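Participant: mind looking at a prediction? Sequence and model below.
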Amino acid sequence: MQHALMCPQCNAPLKPSRFARQVVCSYCGATVQLDESAVPAEVFHAAFRAWNSPQSYTFASWVSLGEAHWALEAPLAIGETADVFAGRRARWPTELVIVKLLRERGAQERFENEWACLQELQRSTARGAETFAALLPQPVSHGELSAGLHAGRRASLFRWQAGFRHTFEAVRRAHPQGIPPRASIWVWRRILEVLSFVHASGLVHGAVLPPHLLVQDGEHGVRLVGYGRAGRAGGRLAAVSPACEDFYPDRPKAGLTLTPGLDVCMSARCVAAVLGGDPAAEALPEAVPAPLAALVRRVARPERSEDAWELRDELGVLAERLYGAPQFIPIEMPS
Amino acid sequence: MGNGNYSQAAHEALLRGRANLPSQQVFQQRACHPLMNPQGVKVRESRDGSDHPQSQGIVFALDVTGSMGEIPRLLATQQLPVFMKILLDCGLRDPQLLFMAIGDAFSDHAPLQVGQFESTAELMDRWLTDTYLEGHGGGTGEESYELGMYFLALHTEMDCMVKRQKRGYLFMTGDEIPYATLSKNVVQTVVGDRLDEDVKVEEVVAELQKSYVPFFIIPDPVRAKRCERRWRDLFGDNVLVLEAAADVCYVTAGALLLSEGLVPGTAGLEQRLQQAGMPEPRKGAVMRALTPFAEVVFGRGPRA
């Protein structure tokens, strides 16, 4: 018995329905008995072509990275060197992603560095990796777009993480008088926890800045993004963000060394800013309790080098002394 | 198959007293049950009937390798009645469940076991507990999930799809990745089909999704590290990462309710699951596991 894909009488293609025992050739009318155990692989090849083709769905446009096609949706941000969009896999079931498209060719090294560092962090076996690696941007795909609207541009795709919409810059705008000092405790502790994992993995972020910190809607979550300047501890900081110079501890900025203390110092400056103060924490609002203000000032000073996890613990002790047991205080943001 | 009606009371009675039994007493098969052997099976059918006119096919494809025995045990001793209660309370009319067991075609004696679609508690329970928990696996980081998907794509037929163009549901549990290629030799040895060449796992998924809404359930974040990305490449946000295996019935039922549009939003879903007995301490973990899929269903951003 032969595989009945072609009519044995006239060689016309046969299209048997599922579970059919026989098929009538639409060309010559011959009735052909089917080998019930024969399964043509072409069924699967054709299914894949249809499934993976954006034209099979209602997508108006898409970008292609290897064999995968992604539809770009709302623009989310315009970064220093990249444009950031919401996106989704252009097939069903879909996957929601964040798409970063490199805009400035001259910054390609930083763009590639971010991908490499985040991959390295996902592979890290440092203590707490199973918890903290999940709190970092999750790499999905990376490379040069081969087709579509932005063909030729470098792209990095990360998993969409629900609820992280507002940067610290947006928080500062929404709370010009500062967030409640009690809320700043959990905000800072979340940053320090991630930094501690990054440092334990042998890396330094190098750009802990308000545009790289996102707070979670209605929850006690903070995400640290923007790993383009990250590198091995002891290396040189490649460049500083011109728009955020005050958040770096030293002047002149050129030639800063990547140390864990650098990240921790910058985290204090970011916290000072969302508390309604200046990045160096020289002027914090009166609502900030003096011991908390003193701690922020101490860590924001460039001459000290603090350990992220020890500082997290110290902050916890201070918070308990000031406020008692932790309370749920999400940061309110305009919808 | 699929005759008879579901009775919550009958199902709970079956499970009474089982919670503390060792797995070997709940699952007594020591080899593949002859009726679950897929060799030569032409089709497993989910059909409408006079007492269940709107049948909805649902498949649990359970990884039964050594590391994954906990979920079959949870379903057989505690959770399957809860899963059914949630679906029925939320208005899913006539669910018909099929249990399938997945192992490793390159190292297991029973790499694929397939029950029948059933409507009654007794028969659902029978196929589930007739499953042979071989408990091995290949140790290669891969299991033969693609073989199970192949069987479902080509050897099942559901009236929900045939008559109403409504897909069935597949909930596949596991903690490994599928083999990249479905070998024609494996297909012939295990199922009996003569596939004319090997096919890629992506191609098997492409055929599967024509008739099933597929979900892959990973029992905890630690095990997700070794397989989540690969499964997301195949199933996208239909990959559900649990924080504990004990959440499995709430998360799978929740995903089905979301997909069916039987809840108005995540708050409504949470309420439904709580009414079904979801323990308060598990609420956050269950909702976190469902959030990525819920955002696909309802759109991104905060939801009421």
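Facilitator: All right, it came through fine. These numbers come from a predicted model, not from an experiment. Numbers count the residues shown, from 1 in each chain, chains lettered A, B, ... in the order given.
Participant: low-confidence stretches in chain B?
Facilitator: For chain B, the stretches with pLDDT under 70 are B:1-3, B:137-138, B:301-304.
Participant: for residue A:273, give its distance to chain B.
Facilitator: 25 Å (Cβ to the nearest Cβ, to the nearest Å). Quick note: C-beta positions are derived from backbone N, CA and C, even for glycine.
Participant: average pLDDT for the one helix or strand that residue maps to?
Facilitator: For residue A:273, the host element (DSSP states H and E) is helix A:260-274. What helix A:260-274 shows for mean pLDDT is 96.
Participant: strands of the stretch 201-304 of chain B, residue ranges please.
Facilitator: B:212-218, B:239-241 (DSSP state E, counting those that start in this stretch).
Participant: mean neighbour count added to those strands, as TSV?
Facilitator: Rendered in TSV, the data for the strands of the stretch 201-304 of chain B read as follows (neighbours: other Cβ atoms under 10 Å in any protein chain shown):
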stretch	mean neighbour count
strand B:212-218	24
strand B:239-241	24
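Participant: looking at those strands, spot the one closest to chain A.
Facilitator: strand B:212-218 (7.0 Å; Cβ to the nearest Cβ).
Participant: so does the closest one get close to chain A?
Facilitator: Yes - using Cβ under 8 Å from any Cβ of the partner chain, strand B:212-218 reaches chain A at B:213-214.
Participant: quick one: strands adjacent to the longest strand along chain A?
Facilitator: As assigned by DSSP state E, the longest strand anywhere in chain A is strand A:68-78. Using DSSP bridges, the strands paired with strand A:68-78 are strand A:63-65 (antiparallel), strand A:82-89 (antiparallel).
Participant: in chain A, where is pLDDT below threshold?
Facilitator: Where chain A drops to pLDDT under 70, the residues are A:1-4, A:19, A:251-254.
Participant: in the stretch 51-200 of chain B, which spans are helices?
Facilitator: In order along the chain, the stretch 51-200 of chain B carries the following helices (DSSP state H, counting those that start in this stretch): B:70-74, B:80-89, B:121-129, B:145-155, B:159-162, B:184-190.
Participant: just the ones you listed: most buried one?
Facilitator: helix B:145-155 (a mean of 26; mean count of other Cβ atoms under 10 Å in any protein chain shown).
Participant: look up how far residue A:18 lies from residue A:102.
Facilitator: Look at residue A:102 and residue A:18: by Cβ to Cβ, to the nearest Å, they are 47 Å apart.
Participant: among those two, which residue is more densely surrounded?
Facilitator: Counted by other Cβ atoms under 10 Å in any protein chain shown, residue A:102 and residue A:18 do not tie: residue A:102 has more neighbours, with 22 against 12.
Participant: list the contacts for the closest residue to that one other than its chain neighbours?
Facilitator: In space, and not counting its chain neighbours, residue A:102 is closest to residue A:154: 4.0 Å by Cβ to Cβ, 6 or more residues apart in numbering or on different chains. Going by Cβ atoms under 8 Å, 6 or more residues apart in numbering or on different chains, residue A:154 touches A:101-102, A:108, A:111-112, A:143-145.
Participant: which of those fall within strands?
Facilitator: A:101-102, A:143-144.
Participant: packing partners for the helix or strand where residue A:297 lies?
Facilitator: For residue A:297, the enclosing helix or strand under DSSP H and E is helix A:290-300. Using 3 or more Cβ pairs under 8 Å, 6 or more residues apart in numbering or on different chains; DSSP states H and E as the contact criterion, the secondary-structure elements in contact with helix A:290-300 are helix A:181-200, helix A:260-274, helix A:308-323.
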